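In: starting from these lines, generate the structure:
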Amino acid sequence: MNIKKIAALALAASMLMAMAACTSEAQPVSSDVKVIATESQNGSQNCETGAAPTVDENAASENYVFTYQGVNVIVSTSMNDIIDSLNAVAGEPKYFEAASCADDGMSKTYTYNGGSFTVSTNPNGPVDVIANITLYDDTVSTAEGICIGSTKDEVSAAYGEATTSTDTTYTYEKGTSTLVFVFDADSKVSTIIYNAKL
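Out: Modelled structure (predicted):
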């Protein structure tokens, strides 16, 4: 995937986050979801190597969880609690911010791993609440082993029947999260988006 396409997708995700922030209240931080950070796994988690991310079972039972090298990233929880751990394993992110129209403060987007994934937040008082996580390439995967390039059949086998679907998207709901798979013309996953329920 070329850099221009990654930049365009990241910009589109940021714009969607900003529009969502302007049309709804910021999501509260869930106090019953535990965010953990552990030591980095050997190798990188991705579909190429088949390395399975480790997910905190309490968090997994409540929401869909994206795990990057032992750090669980969960929508509707505080980015403040995990940013140091995430930066330690993923490196310093590219950073973008814009004034939020949902609350006083800044909506922020962190782009990690050379554009492999982004984490976008909305302010809720002093807390930056994770609004969405977007995966852009096959160097990262969902906890269930789905990544960019996976087929519709593989998504269905991993998650079952979608809560809602179209020709180009499958959407699944769990707890305070939704998980959206966007498919290209060959019915392969082109983008994966974790969203906080509005």
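
In: mean confidence for stretch 161-176?
Out: Averaged over stretch 161-176, pLDDT sits at 96.

In: this protein: strands as residue ranges?
Out: Counting by DSSP state E, the chain has strands at residues 66-68, 71-73, 94-99, 106-112, 117-124, 127-135, 164-165, 169-174, 177-183, 189-196.

In: out of these, flag the one nearest Asp84.
Out: strand 71-73 (9.7 Å; C-beta to C-beta). Just so you know, the C-beta spots here come from the backbone N, C-alpha and C atoms, and that holds for glycine as well.

In: counting contacts, what elements does the closest one pack onto?
Out: Under the contact definition 3 or more C-beta pairs under 8 Å, 6 or more residues apart in numbering; DSSP states H and E, strand 71-73 sits against strand 66-68, helix 83-90.

In: and the ones you listed as CSV, adding distance to Cys47 and mean pLDDT?
Out: As requested, these are arranged in CSV below (distance: least, C-beta to C-beta, whole Å; pLDDT from 0 to 100):
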stretch, distance to Cys47, mean pLDDT
strand 66-68, 14, 94
helix 83-90, 18, 96
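
In: picking up where we left off before, okay if I get the strands of the chain as TSV plus distance to Asp81?
Out: Listed next are the strands of the chain as TSV, based on distance: least, C-beta to C-beta, whole Å:
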stretch	distance to Asp81
strand 66-68	15
strand 71-73	10
strand 94-99	18
strand 106-112	14
strand 117-124	12
strand 127-135	9
strand 164-165	31
strand 169-174	20
strand 177-183	17
strand 189-196	15
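
In: mind putting those into CSV with distance to Thr142 and mean neighbour count?
Out: As requested, these are arranged in CSV below (distance: least, C-beta to C-beta, whole Å; neighbours: other C-beta atoms under 10 Å):
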stretch, distance to Thr142, mean neighbour count
strand 66-68, 7, 26
strand 71-73, 11, 24
strand 94-99, 23, 13
strand 106-112, 16, 22
strand 117-124, 11, 25
strand 127-135, 8, 25
strand 164-165, 17, 14
strand 169-174, 10, 17
strand 177-183, 7, 22
strand 189-196, 6, 22
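
In: how near is the residue nearest to Tyr172 when sequence neighbours are not counted to Ser190?
Out: In this structure, Tyr172 finds its nearest non-sequential neighbour in Leu179, 4.6 Å apart by C-beta to C-beta, 6 or more residues apart in numbering. Distance check for Leu179 against Ser190: by C-beta to C-beta, to the nearest Å, it reads 15 Å.

In: again with Asp84
Out: Relative to Ser190, and taking C-beta to C-beta, Asp84 is found at 31 Å.

In: which of the helices and strands packed on strand 71-73 is buried the deepest?
Out: For the helices and strands packed on strand 71-73, the largest average neighbour count (mean count of other C-beta atoms under 10 Å) is found in strand 66-68, namely a mean of 26.
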